[in-house]
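coords please:
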Amino acid sequence: MILKVSKHVVPPVIVAKDPVFTFDTGFVKDQTVIQGGSFDETAGIHAWTDADQTTPIPSSDWQITGQVNTQTPGVYHLTYTITNPVGGHTAQLQRQITVAAKLTEQAQQGVVKVTNNAGAVLYTNPETTNAAGRTLSRQSSWRYFGVVRDAAGQIVAYDLGGHQYVKAVDVAVPASKPQNGVFTVRYPAHPKWAIAVYDDTLHTQKLIAAGSIWQTYGSEKLADGHSYYNLGGHQWVRTDYGYWHTK
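Numbering: from 1, shown residues only. Down below sits the predicted model:
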């Protein structure tokens, strides 16, 4: 008699892997969208069954909770969940999307002074979402050429010119007079002498000649108790070192 020996087949071991997200170059996870603008919640995002990125997971198979209404300003939260069908492992991506109120800019000139103890960050857009990589020092004064208002008419930023904006909460318009005028250099004791131009900390920056004429944007008492005319851009001259008249 011949005995038939059955073979036991061992099933292959399946290793469950974690799915992963990848992103296009330049993708911004936490975006700011201007009211009324467009927003594609899947743009720039890719999903894969594992880190080897051999098998994509189509966006139709993603689970996305939360919605963004670009018509209504506010902060919205989105959670993306993807699943590897082999093993059922999941991964999540969380995003915060800010819908900023539509802004309008109006031409206007004046001077602002930095009041934020940490300084005022410069931005390259009126929405103040793109930092320029530079911060203006506290107590420094700057000429502005436009004001940015939100839908309610509130000033939210100042345009310093050259695509440079500061947030209104970081600065203040000094309560000074006159706001605009012309200053002519004439040191009383020696009318032919030049006079000093100071920075915000009263360090001499340069000399300006007797008889030269300068536009002013306001006056203010500085740390030494004397009154100074603001020439814009950190430049101050003593009010008693010349004469002033309205422009």
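
and the chain, what are its domains?
For the chain, whose domains are defined here by automatic domain parsing, the residue ranges read 20-100, 104-172, 181-246.

For the second one, the averaged confidence score.
Read that as domain 104-172. Per-residue pLDDT over domain 104-172 has a mean of 91.

helices or strands up against the least confident helix or strand in the chain by mean pLDDT?
Lowest on mean pLDDT, DSSP states H and E among the helices and strands of the chain sits strand 219-221, with a mean of 82. In this structure, strand 219-221 makes packing contacts with strand 227-230, judged by 3 or more C-beta pairs under 8 Å, 6 or more residues apart in numbering; DSSP states H and E. C-betas here are computed from N, CA, C, even on glycine.

name the helices or strands packed onto the strand it packs on?
strand 213-216, strand 219-221, strand 236-238.

buried ones in that strand?
Judged by neighbour count (16 or more other C-beta atoms under 10 Å), strand 227-230 contains these buried residues: Tyr228, Tyr229, Asn230.

need the contact list for the nearest residue to Asp30 once chain neighbours are set aside.
Of all residues beyond its chain neighbours, the one nearest Asp30 is Gln96 (4.5 Å), with distances taken as C-beta to C-beta, 6 or more residues apart in numbering. Shown here is Gln96, whose contacts under the criterion C-beta atoms under 8 Å, 6 or more residues apart in numbering are Asp30, Val75, Tyr76, His77, Leu78.

Keep only those of the residues you listed that are in strands.
Val75, Tyr76, His77, Leu78 (DSSP state E).

Among the residues you listed, which one has the most neighbours?
The residue in these with the most neighbours, by other C-beta atoms under 10 Å, is Tyr76 (18 neighbours).

Return the closest of the ones in strands among the contacts of Gln96 with respect to Thr54.
The shortest gap between Thr54 and any of the ones in strands among the contacts of Gln96 belongs to Leu78, at 26.6 Å (C-beta to C-beta).

For the closest one, give its distance to Thr65.
In this structure, Leu78 and Thr65 are 7 Å apart, going by C-beta to C-beta, to the nearest Å.

starting at the chain centroid, how far to stretch 226-246?
32 Å (C-alpha atoms, centre = their mean, to the nearest Å).

scratch that, stretch 168-176
18 Å.

Show me which residues of that stretch are buried.
Ala168, Asp170, Val171, Val173, Pro174, Ser176.

quick one: least confident of the ones in strands among the contacts of Gln96?
The member of the ones in strands among the contacts of Gln96 with the lowest pLDDT is Val75, and it reads 94.

which stretch of helix or strand covers the spatially closest residue to that one that is not a sequence neighbour?
Using C-beta to C-beta, 6+ apart and skipping residues adjacent in sequence, the residue nearest Val75 is Thr98, 5.3 Å away. Of the helices and strands defined by DSSP states H and E, Thr98 is found in strand 90-100.
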